[in-house]
Every structure is written in structure tokens, then in C-alpha cells.
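*Asks:* Just the structure for this:
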Amino acid sequence: MARQYFLALFTRRDKYIRQLPGRDWEWRSGPLLDYEVLGVISDEGRGIFRGCAWAHKTRFAVLDIDKGSKYHSALELETFVTQLAAIGLTATPYQSSASGGWHLYIFFDDWADSDEVASSLKTWFKAHNYQIKCGTLEVFPSGQALRLPLQSGFAWLANDGSIQTTREEIREEEALASFLSDLEENKRNWTDAKSQIERQIEALAKSAGRSVQAHEESISGEGFETLFAGGKDVEKYERGREYWLYGLKEKGQRHDAVMCTGHYLWYGDEESGVRALPGLRNAASRVEKILGWLKEKHNGLSGAINAGQWSEVEGDIERACHWSRSQVSVNTFEPYLITDRMIDRLAQVPYLTPDDLKLANERREDQARKKIKEAYELLTSQGRKVTKRQLMRLANCHKETLKKHSDIWCISNGVITRGAGDYSGGARVSCPLLVSSACSENKSFNLFDSVVGELEVCLEVLDGGHAEFKDFSPSCLEVSVSR
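*Replies:* The predicted model follows:
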């Protein structure tokens, strides 16, 4: 019964990590079978170690504190236990392995959403000025797997961090019973704890003299994981992390690895000390890092690298890192053109027509507009400051795309406000305007340089006035006004 209860805690078995004697940890494809889990925690389980990835639900969280961490002390352990108790959670400390690191388990009385647990705890620790970083303090669940408890080197700790009992000192049955007894004794309600976390963060924000939204934005501005991941593809990001840590595992993976590691480097990984390199401005840096990584960790599994065809490899990396250049929207009033590039694409896929490609582009524009609108509404609904940088980040679009669809928003006197215009295919945008008396019929002017500085975007038309945007940039809004 105890074994089945223990096994039921680790529900994700499609992939796992394994460490063989004298080797580094490596990701393995599942399934990870019950006997393999029980094997490494058994009395004979010496030399091979295993760990599980996180499922979407969990019965516990874990704080990972390495032996060399600034938080690896009796005083810090007492602080962890006290502060977690204040939000209704109990930290149960164990030695994770023979290296002397700590795993502080936080048990729940029911299954909780893993992403919610990770996000809330990280926000809470960051608000209390803890440094979340690989080797210092890591919070699980996460995209990384975690070594299973009760393996060789595992130990039960006292409240000051001293070892009470090691795994080697007791039999498997007693070890299982002790661990599960800890779970039953220290399990707490996650929903109640989450409410306490939210109240504490709100209190900290008020004591700092700012709104909750501003406080959370401040936390995220320091590089902390935010709730708004923009265009982050979680699956691709996690594959990129695995490639970055362990390199190629099979033949034929190089292209996928380059794409995924590029995505991983774009967003960075604070827990592993990998700095984010987003945008085109960092494309060259991503190319350099991926090339260096591939030279070190291709593991002899790339035919092109083995043949010394580095020009092909570098070209693949360049295309992967500069892909967004081809997606930058350009505001143009010219009709849809048949370009050399389009001819090449049509030759590759002969059943496509120019109208098909035009329709595909229009659909991409519709998607971009939808994302920009949703980003704007999200920021305004939360009372957060609306900036072009925030809109670009949340909508995951380039500044030229944001500029092209400026009818969704506009700039007036340095403040971004909601535009009232109707979209007309991206070529010309019509928008009702409140125009001062200084504006005559059919007059074009520069919003910021003209004497007509009183122009204000609004929802009403003054005396039937009507305007068309002719050109837009952050410093110039040229319109044509008519009566």
C-alpha cells in the first residue's frame, strides 16, 4: 500500500532524468515504469539515480537549495520555515543527496495546478527579496525534472539543518513510511495558502506606497517570470532548455535543436542563469551562442558537423535567428506585388496562386491586430502604464507592425490612448477627429510640428469633420482633414 501511494505522487512518466555512475544527468524518453522508480529507492538501489518531470497537477512543491547557497544555513532554514508558516504552509527539510544540498518539501492536502503553484511561490519569494537562481534557490514545479526522494544520499533533517537519519540507516519500508507520514502530518490546503500569498503581496505593495499592479510590474521588471509570456511557445521553450543543457541526443535533431534553442535564448532562463536575448537587436548574440553551444554539444550526432560543413550549419543558425525580419510589417499603399520571392514560393508550391498568398498575409494581419487589441485591453483593464514596449512585448510583434496598425491605438502629447478608427486593410485608416478651428478643409499637417496642437482623438465628429491618416511615426502624424 505504501509503495502504491508513493508511486501515485509521480504521475508524469513520459520523460524523466537519469544519472549513471560517473555520468552527468541526462533526459530519457519514457515510459518510466513503477519497478524503475522502486528500484532506485530500494535498499539495493545504489549507483543509478532517477528523477521525474512535473505533471500539470502536483501534491507538493520543492525548494532546492544547494550546499554553497547563501540560504544554506540554520538561520536561513528557520526563516524559510517561519515565513512559509505565515501563509499556511509547512516546509519539511531533507538532504537531497550526498552532495549536502537541501530539498524543502511543501506538501498539499489535494492536487494543485503546477503552473499556479510555481508562479505564486516565485512571486511571493521575489516579493520577499529572495534571489531565485540555479545554485542558490530553485522553486519546483518547473520545466526541469527533480530527483526522486529516498534514493542514496537522502536524509531527514532537523529544523537547524543537521542530519537526523540517513536513508542508508533504515530499511525501504521504514523510509517509505517516514516520508509518507511527513506528507500526511504536514500537508496543507493550497487554495488557502494562495489567498494568503495574494494578501501578503497586496500588503507589501501598499506599504511601499504603490498599487498591487505596479508592485507586480516592478517584480517582473527585475527579470522575474511574469504571467504574460507574449508569444512564448512553452513546448518549444522546454525542448530548447533540454537541448541547451544536454545537447543533441539523436541523429536528425540539429534543425529542431537550433530552432528551439533560439526560442529558449530569446526568453532566457533566470533559474539557470541564462540571460534573455529577445528581438532582432540580439539576433547576432543568439547566433554566436547557438554556434558555440553546437560546437560543444553536437555529441557527434550531426552529419553536417561531422563532415565539417560548418557553412551550412552557420547558415541554418542565421536563418533561425533572423526569421522575424521577413515578418516585419511595412506600411505601404502599393497594391499586392508579384515579387521574385513570391515567384520562387509559387514554383515550390505550384497549386498556390497570388490570391492565396494575399489571403494568407491578410489572415496574419488580422491575427496581429487581434493580439495588439488584446494587449492594449489587458494593460488598460489592469490600470498598468501603456507603452509601445509593453504592447510589443504582450502582442509579440515588431514595432513596424505596431505602427502599421496604429488605428487601434495612437499617441497624443506623449500619452498612448485608444484610437477610434476603422481598419481599412492597412493601406489607409479613417478616423473621426475633434479638430480645432485652426484646421481648414482638405489640409494636411503634422500633429506635433503644426500649430494645430489641439487635435485630439475622440469618438465624436465635430460638424461632420472627417480625417484620414496619411502617414504615421512616433514623431509625426500626418492626416488629411475634410468637411
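*Asks:* How about G101: what's its closest non-neighbour residue?
*Replies:* The shortest distance from G101 to any non-neighbouring residue, by Cβ to Cβ, 6 or more residues apart in numbering, is to D66 (4.7 Å). Where C-beta positions appear, they are placed from N, C-alpha and C, glycine not excepted.
*Asks:* go on, H72?
*Replies:* In space, H72 is closest to I65, 5.3 Å off (Cβ to Cβ, 6+ apart).
*Asks:* Number of residues surrounding L75?
*Replies:* L75 is flanked by 10 other residues according to other Cβ atoms under 10 Å.
*Asks:* repeat for K67
*Replies:* 13.
*Asks:* Please, where are all the helices along the stretch 51-200 of the chain?
*Replies:* 74-85, 114-127, 172-186, 190-207 (DSSP state H, counting those that start in this stretch).
*Asks:* Low-confidence ranges, this structure, go.
*Replies:* For the chain, applying pLDDT under 70 flags the ranges 208-231, 322-363, 410-483.
*Asks:* longest strand anywhere in it?
*Replies:* Criterion DSSP state E: the longest strand present in the chain is strand 102-113.
*Asks:* The residue nearest to H72 - how many residues pack around it?
*Replies:* 24.
*Asks:* is it in a bridge, and if so with what?
*Replies:* W102 (DSSP bridges).
*Asks:* Ok, A112 next?
*Replies:* T58.
*Asks:* hang on, it packs against W190?
*Replies:* Yes - applying Cβ atoms under 8 Å, one finds A112 in contact with W190, separated by 4.0 Å.
*Asks:* Looking at those two, which is more packed in?
*Replies:* W190 (25 against 21).
*Asks:* show me what contacts that one?
*Replies:* Applying Cβ atoms under 8 Å, 6 or more residues apart in numbering to W190 gives the contacts 108-110, 112, 117.
*Asks:* so which of those residues comes closest to E184?
*Replies:* For these, the residue nearest E184 by Cβ to Cβ is D109; the value is 9.2 Å.
*Asks:* could you measure the closest one against T90, distance?
*Replies:* 11 Å (Cβ to Cβ, to the nearest Å).
*Asks:* Kindly report the same for Q253.
*Replies:* In terms of Cβ to Cβ, Q253 sits 43 Å off from T90.
*Asks:* Could you do E76 as well?
*Replies:* From E76 to T90 the distance is 17 Å (Cβ to Cβ).
*Asks:* What of W102?
*Replies:* W102 is 15 Å from T90, by Cβ to Cβ.
*Asks:* out of the two, which sits in the busier spot?
*Replies:* Higher neighbour count among W102 and T90: W102, with 25 against 17, using other Cβ under 10 Å.
*Asks:* for that one, what are its contacts?
*Replies:* With Cβ under 8 Å, 6+ apart, W102 has these contacts: 63-65, 67, 72, 77, 93-96, 157, 161.
*Asks:* again, but for D113
*Replies:* Per Cβ under 8 Å, 6+ apart, neighbours of D113: 56-57.
*Asks:* do the same with Y267
*Replies:* Y267 sits in contact with 229, 232, 237, 276, 278, where contact means Cβ under 8 Å, 6+ apart.
*Asks:* Put together JSON lines for the residues you listed, with secondary structure on each row.
*Replies:* Shown next, in JSON lines, are the contacts of Y267 (DSSP: H, G, I helix; E, B strand; the rest coil):
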{"residue": "A229", "secondary structure": "coil"}
{"residue": "K232", "secondary structure": "coil"}
{"residue": "Y237", "secondary structure": "helix"}
{"residue": "A276", "secondary structure": "coil"}
{"residue": "P278", "secondary structure": "coil"}
